[in-house]
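Asker: With the sequence up front, the predicted model follows.
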Amino acid sequence: MNGFLHLHEFGTWINSTALHAWARGITAGTEDKALLAVQITHVLTVCAIAGSIGIFSLRMMGVIESGQPLAALARRLLPWTWGAILVQALTGGFMILDRPERAFDSLTFPYKMAFLLAAIVVTAVFHVTLHRDPDYWDHDRNRRLTARWLGALALVLWIGVIFAGRWIAYERVPV
């Protein structure tokens, strides 16, 4: 529980910053319409990530065949993923600045962040290796097996991000 108190204190500190005042200035007086627009954008980018990573991960796992090389699929899908991750970071950051207690008083927020960082690392590994060598994951049986496991891991991590993020809206711990 000690770590939780530090997050709560961090949220309290954010409430005293100029960035919080800026975010609240945007959402105040709009009957939450501005915040709703940010939240809708955040959810839509979740859909873009889920779709692009879902297809890519299932292809890495060998569950689906796309009829094209993995590197070509990556060139088509991963820019959508990275763009959505960027928008997610901006909208998520804005929501935290606007209402830090909502995130930092949640027990699931740290899990969402841990899943998110791990998912980004796994996704980056796929992207970098395919960019350097388009046939990297097809060179031998061991790499294909590793690709299957990493594809499954990426899928599980992104699902964890989605579930933990969704749960934040419903779960808060009183301080």
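Answerer: Now that the structure is in, tell me what you want to look at. The shown structure was predicted, so the numbers you read here are calculated from the model rather than taken from an experiment.
Asker: tell me which residues of the helix or strand containing V43 are tucked away?
Answerer: Here V43 sits within helix 33-61, counting by DSSP states H and E. Within helix 33-61, the residues that qualify as buried are 34-35, 38-39, 42, 45-46, 48-50, 52-54, 56-61, counting by 16 or more other Cβ atoms under 10 Å. The C-beta positions use only the backbone N, C-alpha and C, and glycine is treated the same way.
Asker: So which other helices or strands are in contact with that helix?
Answerer: helix 18-27, helix 70-98, helix 109-132, helix 141-168 (3 or more Cβ pairs under 8 Å, 6 or more residues apart in numbering; DSSP states H and E).
Asker: what would these look like in a markdown table with mean pLDDT?
Answerer: Shown next, in a markdown table, are the helices and strands packed on helix 33-61 (pLDDT from 0 to 100):
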| stretch | mean pLDDT |
| --- | --- |
| helix 18-27 | 88 |
| helix 70-98 | 93 |
| helix 109-132 | 93 |
| helix 141-168 | 92 |
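Asker: and F10, which of those helices is closest to it?
Answerer: Counting by Cβ to Cβ, F10 lies closest to helix 70-98 out of those; the figure is 10.1 Å.
Asker: Output the next helix or strand after the closest one as CSV - backbone C-alpha positions only.
Answerer: Once the chain leaves helix 70-98, the next helix or strand it forms, by DSSP H and E, is helix 100-104. Below are the C-alpha coordinates for helix 100-104, written out as CSV (Å, rounded to 0.1, in the frame of the first residue of the first chain):
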residue,chain,number,x,y,z
PRO,A,100,-4.9,12.9,-11.9
GLU,A,101,-6.7,11.4,-8.9
ARG,A,102,-8.7,9.2,-11.3
ALA,A,103,-5.6,7.5,-12.5
PHE,A,104,-3.4,7.6,-9.5
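Asker: for helix 100-104, packing partners?
Answerer: Using 3+ Cβ pairs under 8 Å, 6+ apart, helix 100-104 sits against helix 2-15, helix 70-98.
Asker: pLDDT on the shortest one, on average?
Answerer: Looking back up the chat, that one is helix 2-15. Averaging pLDDT along helix 2-15 yields 74.
Asker: Report all helices and strands that that helix contacts.
Answerer: Here helix 2-15 touches helix 100-104, helix 109-132, going by 3+ Cβ pairs under 8 Å, 6+ apart.
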